[in-house]
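*Asks:* Kindly generate the corresponding structure for this input.
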Amino acid sequence: MKKIFLAFLLSSPVIFFMIMCTVVVIMISGDNEIGNDEIGGGDGEYVTNGISPAVERFRPVFEKYARQEGVYNYLNVIMALTMQESGGRYLDIMQSSESIGLPPNSITDTELSIEIGVKYFASVLKQADYDVHLTLQSYNFGNGFIRYAKERGGYSKEVTQSFSNMMAVKMGWSRYGDVHYVDHVMRYLESSNHDVKLVNGSINGFEIAMTEALKYEGQPYVWGGSHPSVGFDCSGLTQWSYEQAGIHLPRTAQEQYYKSKRIDEQDATPGDLVFFTGTYAGNYITHVGIYVGDGRMFNSNGSGIQYSNITTGYWREHLVSFGRITN
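*Replies:* Sure thing, here's the model as predicted:
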């Protein structure tokens, strides 16, 4: 990422020092910026798909700096980008070191990596006139790609390959950057405009989903699990079970919350989803179950995959709302 910038800086210690001092000043002043206007677009078009637990657990940190930089609407794009950059395997989770002229993985504080990475993303996004594909490829190539692409009609695979070839020759490298970077990031995203489909009505869909879900009753909860081969967490169970009925749900509880239609408790019927907050430190929505009627849900929680009473006690205290899957 940002290879041309790094090569130039390493050849000039004086410029490197000046840039680093500037970065420190920017980071300090950035701490005092709150309430930035959010830029439109972005996440209204995408939901995440397949974000690893190693990245997902930092969602509150991503949210913090996305809001600070005015790009909260692009939160899911940023998290998908992070999956491609590191998959959560490194402390420099967004591979931000190179954007400030340091060798790869020099940053050893994950929150600092996110702060710098989101700031850089916001800068590139603005320069790219909020074109997500151009922004993503420029995050990999460096922002010099933006002008190059605009002069040639905008982002395209052909322009990307041309720039990579040119820079590889210029730098004396065998190749430059990842010409398939946009595709690699987009595999972790899907259009939020994709309608949730029901099979022969919600009741039949519910019966198929519950028949599938009950196969796993009594099995343990598995964080990040979304397949019978590894086990299930809460949203993994709902996603997998409804998928067998031809009903597509997003991956996380929070995404399923956004995707479903809010309904009053008295209107809830078997097959609706029920959402909870505060069951762990994380997103607003932290748990989801399948409502089965009579004040009960079927869900995967810390005690395993089971039926749970949601009318009293722990689950009642954390209940947020019910959601209906719609066409």
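*Asks:* helix or strand for Ile146, which one?
*Replies:* Assigned by DSSP states H and E, Ile146 falls within helix 144-150.
*Asks:* Ok, Gln239 next?
*Replies:* Going by DSSP H and E, Gln239 is part of helix 234-243.
*Asks:* Likewise for Gln84?
*Replies:* Going by DSSP H and E, Gln84 is in helix 75-85.
*Asks:* for Asn299, same thing?
*Replies:* Using DSSP H and E, Asn299 falls in strand 296-301.
*Asks:* which intervals of the stretch 201-327 of the chain have sub-threshold pLDDT?
*Replies:* 201-204, 327 (pLDDT under 70).
*Asks:* Repeat the analysis, applying 50 as the threshold.
*Replies:* Residues of the stretch 201-327 of the chain meeting the criterion pLDDT under 50: 201-203.
*Asks:* in it, which spans are strands?
*Replies:* Assigned by DSSP state E, counting those that start in this stretch, the strands in the stretch 201-327 of the chain fall at 226-227, 231-232, 261-263, 273-276, 287-293, 296-301, 304-309, 319-324.
*Asks:* Let me have those in a markdown table, extended by mean neighbour count and distance to Met186.
*Replies:* In short, each C-beta sits where N, CA and C put it, glycine included. Putting those into a markdown table (neighbours: other C-beta atoms under 10 Å; distance: least, C-beta to C-beta, whole Å) gives the following:
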| stretch | mean neighbour count | distance to Met186 |
| --- | --- | --- |
| strand 226-227 | 16 | 19 |
| strand 231-232 | 23 | 26 |
| strand 261-263 | 12 | 27 |
| strand 273-276 | 24 | 27 |
| strand 287-293 | 23 | 25 |
| strand 296-301 | 24 | 29 |
| strand 304-309 | 16 | 32 |
| strand 319-324 | 19 | 26 |
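*Asks:* any chance of those in CSV, with distance to Phe121 too?
*Replies:* Formatted as CSV, these follow (distance: least, C-beta to C-beta, whole Å):
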stretch, distance to Phe121
strand 226-227, 27
strand 231-232, 32
strand 261-263, 31
strand 273-276, 29
strand 287-293, 29
strand 296-301, 33
strand 304-309, 38
strand 319-324, 30
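*Asks:* out of the ones you listed, which comes closest to Ser123?
*Replies:* Among these, the nearest to Ser123 by C-beta to C-beta is strand 226-227 (34.4 Å).
*Asks:* Which strands border the closest one, and is each parallel or antiparallel?
*Replies:* Taking DSSP bridges as the criterion, strand 226-227 pairs within the sheet with strand 231-232 (antiparallel).
*Asks:* contact partners of the strand it pairs with?
*Replies:* Under the contact criterion C-beta atoms under 8 Å, 6 or more residues apart in numbering, strand 231-232 has outside partners Tyr216, Gln219, Pro220, Tyr221, Val222, Gly225, Ser226, Trp240, Ser300, Ile305.
*Asks:* Go again with 7 Å.
*Replies:* Residues from elsewhere that reach strand 231-232 (C-beta atoms under 7 Å, 6 or more residues apart in numbering): Tyr216, Gln219, Pro220, Val222, Gly225, Ser226, Trp240, Ser300, Ile305.
*Asks:* and of those residues, the nearest to His180?
*Replies:* Ser226 (25.2 Å).
*Asks:* Give me the spatial nearest neighbour of Trp72, chain neighbours excluded.
*Replies:* Quick fix: residue 72 is Tyr, not Trp. Ala66 (4.5 Å; C-beta to C-beta, 6 or more residues apart in numbering).
*Asks:* Wait, a strand at that neighbour?
*Replies:* No: counting by DSSP: H, G, I helix; E, B strand; the rest coil, Ala66 falls outside a strand, being helix.
*Asks:* Identify the residues contacting it.
*Replies:* Residues near Ala66 by C-beta under 7 Å, 6+ apart: Tyr72, Tyr74, Leu75, Ile78, Val118.
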